[in-house]
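1. Fold the following, please.
(chains A and B)
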Amino acid sequence: MSTVIKIENISKEYRLGEVGTGTISRDINGWWAKVRGKENPNLKIDSKGKNVLSGDIHKALDNVSFEVNEGDVLGIIGKNGAGKSTMLKILSRVTTPTKGTFKVRGRIASLLEVGTGFHPELTGRDNIFLNGAILGMRKEEIKSKFDEIVDFSGVEKFIDTPVKRYSSGMYVRLAFAVAAHLEPEILIIDEVLAVGDVAFQNKCMGKMSEVSKQGRTVLFVSHNMAAVQKLCKTGILLEDGKLKYSGETTKAIEEYFKSSFSSRSSFDIPLSATKDSLEGYAYKLQIEDTEGNPINTVPVGKKWQVRIYFKMNKRTEHFIIGIGISNTMDVNFRTTWSAPMNIDKGEYEVIFKDTNIFMSAGEYKILVGLTSFQRSVQYAENVAVLRISEIDELNDERVLRISGNGLVLNPMDVELIKSTVVK
Amino acid sequence: MESEKEGWTLVVKPQTKWFDLNLKDLWSYRDLIMLFVKRDFVSVYKQTILGPLWYIIQPILTAITYSIIFGSMAQLSTAGLPKLLFYLSGITMWNYFSECLNKTSNTFISNAHIFGKVYFPRLTVPLSIILSNLFTFLFQFSLFLILLLYYYFTRTDIHPNRYLFLLPLLIIIMAGIGLGVGVIISSLTTKYRDLRFLIAFGVQLLMFATPVIYPLSVVMGKKRLLILANPITSLVETFRMGFTGAGIDDFNWMYLAYSFCFMAIVLIIGVIMFNKVEKSFMDTV
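-> Residues are numbered from 1 along each chain as shown, chains lettered A, B, ... in the order given. You can find the predicted model right below:
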């Protein structure tokens, strides 16, 4: 398999603060300083990186090299600010690297944002041609695919209406339809799946896997790890502009989660009053695996537990400690508590062990409550964030990890019976 | 080339050569240029009642205003021509130049939102501006022709002559200077926004240094040299002379040659500068 993209030691540097100097007078000022042999106060970074105060530079990309083979679907992942967008901008030739070279074999097209160049006054038809041409298609090419594009977008009825009269959904669908019918050898996609309704998103996902099945190369940037895992064979992980990992997608995603949420496995619980005035209080919560090792992200289906440290200032009767789990949409997902007991003064730990429920990937909020005779002793919301990641250790064909399957992923027992009734 | 040996279709390096113009690339995007032209043309007069008629109304009203102010009140010479025809000939040519210059000088700033998302040869934008203004020019030129024919049959002092066949050349030089200066300014405005203000009124002032509201024949001495240093002067004068015969004594091939050289120089400088800036302007705009 041949290499279609070769990235060699690419760096991209930005000067912090005001870019350029903006006015002629300050440039003359800088030039004058140079004439006198002093350092230019407004100096821009030159390609060799000389004469620049290091504190002034932000390296959006730092010496990144990788190769992409023909037919690969490469996922580019990383936190915000890791350099993904800069990488895409360089690959799509919107900007040039400060250092390094990249080589491409074949036509490259990028969908950094769908609908670029759409003119509100023009009709849908005119915009298909205009947008297609901006994306690098010849007029003949667009003509031959015109019906297909209109069909895909589902806006046939409004094709001769100016796009400013379109709903935002129609607008985006038309824009994506044009982009999806580009036929470059290399396609760069950035988060386009974030648009449209679920049905349209599925259509887009389908189109993308179709593209990759045709043996074309796709570079895909997304925060949606489930989509990355589903679509991409290989992945690269960027962190602070550096290439952290390059290789198998699953491994890259694992690394991503490891590096993303490094210190967040234990959480301090804020108190509403001074410690001594309370009957008792929980002060620390930790998310752990079943061996008691703190973990920050739980793969789907992996057993986990919550350990809470609490202190009682006096003997309390009919004491209950409980936790509640809700998702980010504030849907209460689960509440569980201890059996009532009488408890002496002292320090305690309590462990809530997950029974066999596979929660779908995402973030969950944990609240902690302490009661005595159904009277609240302590009640703290949003104490901790439980992260369930899309990667899983189940190897169970029946458990799908993409979002949209509901909150609980446990499969039901499915019994298949050969029917004996003959029609 | 080494890169071609390895079979790469594209090699991007931080430094580019001065003359790395990529005209082949530009040619493959020729459809885009035409679509930009169509966009500019169609979108401007959407939702107006008179539509493209505005292209004609503008110069008529300007010519009438000039006739009243400069012709009747200030009594400036019109080289023996009817006032309306004289001013219209100047305005038609001048409008084309000033529109080309004004619009191309905003290329980077007004298209930053598109340039930041997709790559296509940036030169397509100024080229499409030159072309769409050419359509406007043709509208206004036909208006001028109608007026010319009217006077030709009602008067005896209108003498169209063989120099009128220079028109395509005049247009090319005009467009070339507008494009060249425009892209120089647009390349500089990515760094210096000051120039946008300068160009806006600079073009207006430059009109007074061009024989639009007066004929070259009335300017004498040092001032004449100054006016002749303006490369647009010979274009406006030749145009007027070719179609009406006015100022035929002032015609000199050297003036046209000067304009042509001027065009060649600014065009080369402009395209090279533009080419330099287009690669990295997203980081500075």
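2. Only C-alpha atoms, please: export the helix or strand hosting residue B:113 in CSV.
-> Using DSSP states H and E, the element containing residue B:113 is helix B:112-115. Taking C-alpha atoms only, helix B:112-115 is exported to CSV below (Å, rounded to 0.1, in the frame of the first residue of the first chain):
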residue,chain,number,x,y,z
ALA,B,112,-11.4,36.0,5.1
HIS,B,113,-14.3,33.8,6.2
ILE,B,114,-14.0,31.7,3.0
PHE,B,115,-10.3,31.7,2.7
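3. Okay, buried residues for that helix please.
-> The neighbour-count check on helix B:112-115 (16 or more other C-beta atoms under 10 Å in any protein chain shown) flags B:114, B:115 as buried. Yep, even glycine has a C-beta here, placed from its N, CA and C like the rest.
4. Name the residues that touch it?
-> With contact meaning C-beta atoms under 8 Å, 6 or more residues apart in numbering or on different chains, helix B:112-115 is reached by A:94, A:116, A:117, A:134, B:108, B:122, B:278, B:281, B:282, B:285.
5. Make a markdown table out of these and add pLDDT and distance to residue A:412.
-> Formatted as a markdown table, those follow (pLDDT from 0 to 100; distance: C-beta to C-beta, whole Å):
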| residue | pLDDT | distance to residue A:412 |
| --- | --- | --- |
| A:94 | 83 | 49 |
| A:116 | 74 | 46 |
| A:117 | 77 | 49 |
| A:134 | 86 | 50 |
| B:108 | 83 | 60 |
| B:122 | 88 | 58 |
| B:278 | 79 | 59 |
| B:281 | 73 | 58 |
| B:282 | 71 | 53 |
| B:285 | 57 | 57 |
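6. Looking at the residues you listed, which is nearest residue A:74?
-> Using C-beta to C-beta, residue A:94 comes nearest to residue A:74 of the contacts of helix B:112-115, at 18.9 Å.
7. in what helix or strand does the closest one lie?
-> For residue A:94, there is no host helix or strand (DSSP H and E).
8. returning to that earlier point: which helix or strand lies directly C-terminal to the helix holding residue B:113?
-> Heading C-terminal from helix B:112-115 (DSSP H and E), you reach helix B:124-154.
9. isn't residue A:221 right next to residue A:91, touching?
-> No: under the criterion of C-beta atoms under 8 Å, residue A:221 is not in contact with residue A:91, lying 10.1 Å apart.
10. burial count for residue A:277?
-> 10 (other C-beta atoms under 10 Å in any protein chain shown).
11. which phi and psi does residue A:319 have?
-> Backbone torsions of residue A:319, given as degrees, to the nearest 10, read phi -90, psi 140.
12. I'd like to know how many residues surround residue A:159.
-> Residue A:159 - counted by other C-beta under 10 Å - has 17 other residues nearby.
13. Low-confidence ranges, the stretch 101-250 of chain B, go.
-> Applying pLDDT under 70 to the stretch 101-250 of chain B flags no residue at all.
14. Near chain A, which residues of it? Just list them.
-> Residues of the stretch 101-250 of chain B lying close to chain A (C-beta under 8 Å from any C-beta of the partner chain) are B:113-120, B:190-194.
15. out of the residues you listed, which are buried?
-> Among these, those buried by neighbour count (16+ other C-beta under 10 Å) are B:114, B:115, B:116, B:117, B:118, B:119, B:120, B:190, B:191, B:192.
16. which residues does the closest residue to chain A within the stretch 101-250 of chain B contact?
-> Closest to chain A within the stretch 101-250 of chain B is residue B:119: 3.7 Å, counting by C-beta to the nearest C-beta. Contacts for residue B:119 (C-beta under 8 Å, 6+ apart) come out as A:92, A:93, A:94, A:110.
17. Flag the least confident of those residues.
-> Checking pLDDT across the contacts of residue B:119, the minimum falls on residue A:110 at 75.
18. and that one, what is it in contact with?
-> Taking C-beta under 8 Å, 6+ apart, we find residue A:110 in contact with A:88, A:91, A:92, A:187, A:188, A:189, A:190, B:117, B:118, B:119.
19. If we use 10 Å, what do you get?
-> By C-beta atoms under 10 Å, 6 or more residues apart in numbering or on different chains, residue A:110 lies in contact with A:88-89, A:91-94, A:116, A:135-136, A:179, A:182, A:184, A:186-190, A:219, B:117-119.
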